[in-house]
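Participant: I need the structure of the sequence given here:
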Amino acid sequence: MKTKNIFKKVLLVLALLPILAIANEGAHLDKAPIDASNKESLQRGARTFVNYCLNCHSANYMRYNRLLEIGLTEQQIKDNLLFAGDKVGDQMKVAMSKADAKKWFGVAPPDLSVEVRARGADWVYTYLRGFYRDNTSSTGWGNCVFDPVNCKVSMPHVLYELQGEQKINHETHELTLESPGSLTVSEYDALIGDLTNYLTFMSEPAKQQRNHLGWFVLLFLGVLFVLTYKLKKAYWKDIH
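Facilitator: Okay, the predicted model is just below:
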């Protein structure tokens with residue numbers, strides 16, 4: 001029975017490989033500037049997420065009160081990041097239903113509390129900086145991480161006023177800024193870096209705590225090893 005279940009899982013992975021290949025074919029992923037210890041970056045990313053992403057994307061596995069872990073106070077969360085009616089202990093949900101989202105966008109926007117774990121931080125960072133004008137798309141936008149023929153982008157570029165409009169050379173896959181936005185290229189990259197940093201934190205909020213706990217566990221095991229070795233020598237000293 002166990003062998004049969006493993007075989008089914010292998011078949012499922014093999015079935016998904018063509019889909020993953022389409023999504024990343026020819027895509028060069030830029031390195032995301034992830035730093036879980038940079039609380040200022042995480043706070044800026046949380047602000048961008050609430051102002052621009054939370055209108056359509058939910059984060060059902062994240063609660064507002066977990067923002068206390070990145071240095072915010074409850075009052076700061078209430079004053080700057082909560083919508084009317086939301087409470088600090090609530091999940092980060094959106095009012096838009098999945099049915100309405102599918103009707104308007106063709107597909108329901110994914111839950112962003114798990115997106116980095118599913119795609120990887122580098123993919124998300126490249127995606128959010130990789131939009132370009134595509135008049136053949138229903139949204140008017142394409143993205144450099146997708147094949148423009150086999151995989152159209154369902155999400156419009158909601159940050160285009162900040163980044164501006166880019167065009168792509170389909171032969172070289174290079175993006176060039178055609179119409180500047182309100183931010184410079186470096187400012188926009190920094191904003192997306194902070195947002196990706198926050199999305200990475202949100203996908204696994206307890207990771208930092210586990211990392212810190214891990215060092216204490218290793219220290220304990222090291223001390224235990226020394227004591228065990230000394231105890232072993234004491235027991236076997238008459239034999240050796």
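
Participant: Where does the prediction get shaky in this structure?
Facilitator: For the chain, the stretches flagged by pLDDT under 70 are 1-27, 84, 148-152, 207-209, 211-212, 240.

Participant: Once you drop chain neighbours, what's closest to residue 62?
Facilitator: Distances taken as CB to CB, 6 or more residues apart in numbering put residue 113 closest to residue 62, at 4.6 Å, once the chain neighbours are dropped. From N, CA and C alone the C-beta is placed, and that goes for glycine too.

Participant: for this protein, what spans make up the helices?
Facilitator: With DSSP state H, the ranges of helices along the chain come out as 2-24, 39-48, 74-80, 98-105, 115-119, 121-129, 160-163, 185-203, 207-236.

Participant: Quick one: closest of those to residue 30.
Facilitator: Closest of the helices of the chain to residue 30 is helix 121-129, at 4.9 Å (criterion: CB to CB).

Participant: angle of that closest one against helix 185-203?
Facilitator: With axes from the mean of the first three to the mean of the last three CA atoms, to 10 degrees defining the directions, helix 121-129 sits at 130 degrees from helix 185-203.

Participant: Show me the contact partners of helix 121-129.
Facilitator: 24, 27-34, 115-116, 119, 143-145, 159, 163, 188-189, 192-193, 195-196, 199-200 (CB atoms under 8 Å, 6 or more residues apart in numbering).

Participant: now that helix, how far from the centre of its chain.
Facilitator: Centroid separation for helix 121-129 versus its chain: 8 Å, with CA atoms, centre = their mean, to the nearest Å.

Participant: now stretch 51-61
Facilitator: 12 Å.
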